[in-house]
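**Q** need a structure here:
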Amino acid sequence: MNASRTESMLPYEELEYRILEFVRTNSNGRWQATTLGTLGNAVDWTDHDEIVAALQRLHGKGYIQIRQLPVGASAWVNYVQGVNDDLFYHGGFELRITPDGRPYLEQLQTGARLKAEKIAPAAPEMAVSKLVKEMFWNILHPSITAIAQKKFDDGHYADAVNPRSRK
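**A** Residues are numbered from 1 along each chain as shown. Presented below is the predicted three-dimensional model:
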């Protein structure tokens, strides 16, 4: 992802970010055990084929390592794309972020922050509300507006309408 991008993440980036965050948060730098169902729940993604494709992309780019201890085996089997693709669908597997995966996660985190911090355009009802407020204050006598508007804008609504507070 381009670090200068301010648009929201693409869906594949969002999924990759969630997967990497899941591994980072839960593994503390070690292998994170999971299953496809558990991972789907953790990253709030229902399409298992998309999750597998994201895992394959992340692995293919060298951002994660994937391994499995097959039932009855005494040694871990590393994932090799195109050779043991079915491991995602048969029992658990383990994930670990590689040193190259950390900068990629940081790029995605920056994109997520930019997305969260992006200021949405004012809603139409807010513009109408502002117009109504201006019209309201314009129909009042200027001496009342001078005292009451400041109190109202500061959130002191009772004082703004109380005639005894207008001194």
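**Q** Domains of this structure: list them as residue ranges, please.
**A** According to automatic domain parsing, the chain comprises the domains 11-117, 124-165.
**Q** looking at these, which is buried most?
**A** Ranked by mean neighbour count, the domains of the chain are led by domain 11-117 with a mean of 15 (mean count of other CB atoms under 10 Å). All C-beta atoms are positioned from the backbone trio N, CA, C, and that covers glycine.
**Q** Determine how far that one lies from the middle of the whole chain.
**A** Relative to its chain's centre, domain 11-117 lies at 17 Å (CA atoms, centre = their mean, to the nearest Å).
**Q** hang on, the earlier thing: and the domains of the chain, which one's lowest on average pLDDT?
**A** Note on these: lowest mean pLDDT is at domain 124-165, with a mean of 70.
**Q** Which residue ranges of the protein form strands?
**A** 32-34, 64-68, 77-78, 93-97 (DSSP state E).
**Q** As JSON lines, those with distance to T110 would be great.
**A** Output for the strands of the chain, formatted as JSON lines (distance: least, CB to CB, whole Å):
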{"stretch": "strand 32-34", "distance to T110": "23"}
{"stretch": "strand 64-68", "distance to T110": "19"}
{"stretch": "strand 77-78", "distance to T110": "30"}
{"stretch": "strand 93-97", "distance to T110": "16"}
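**Q** Which one of the ones you listed lies nearest to A146?
**A** Judged by CB to CB, the one of the strands of the chain that comes nearest to A146 is strand 93-97, at 61.2 Å.
**Q** strand partners of the closest one, parallel vs antiparallel please.
**A** strand 32-34 (antiparallel), strand 64-68 (antiparallel) (DSSP bridges).
**Q** Of these, which is nearest V80?
**A** strand 64-68 (9.3 Å).
**Q** Return the alpha-carbon coordinates of that closest one using PDB.
**A** The C-alpha coordinates for strand 64-68 follow below in PDB (Å, rounded to 0.1, in the frame of the first residue of the first chain):
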ATOM      1  CA  ILE A  64       3.900 -14.700   7.000                       C
ATOM      2  CA  GLN A  65       5.000 -18.300   7.600                       C
ATOM      3  CA  ILE A  66       2.500 -21.100   7.700                       C
ATOM      4  CA  ARG A  67       2.900 -24.500   9.200                       C
ATOM      5  CA  GLN A  68       0.900 -27.500  10.300                       C
END
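**Q** which residues touch it?
**A** Strand 64-68 has contacts (CB atoms under 8 Å, 6 or more residues apart in numbering) with 19-20, 23, 31, 55, 58-59, 76-79, 84, 87, 91-98, 101.
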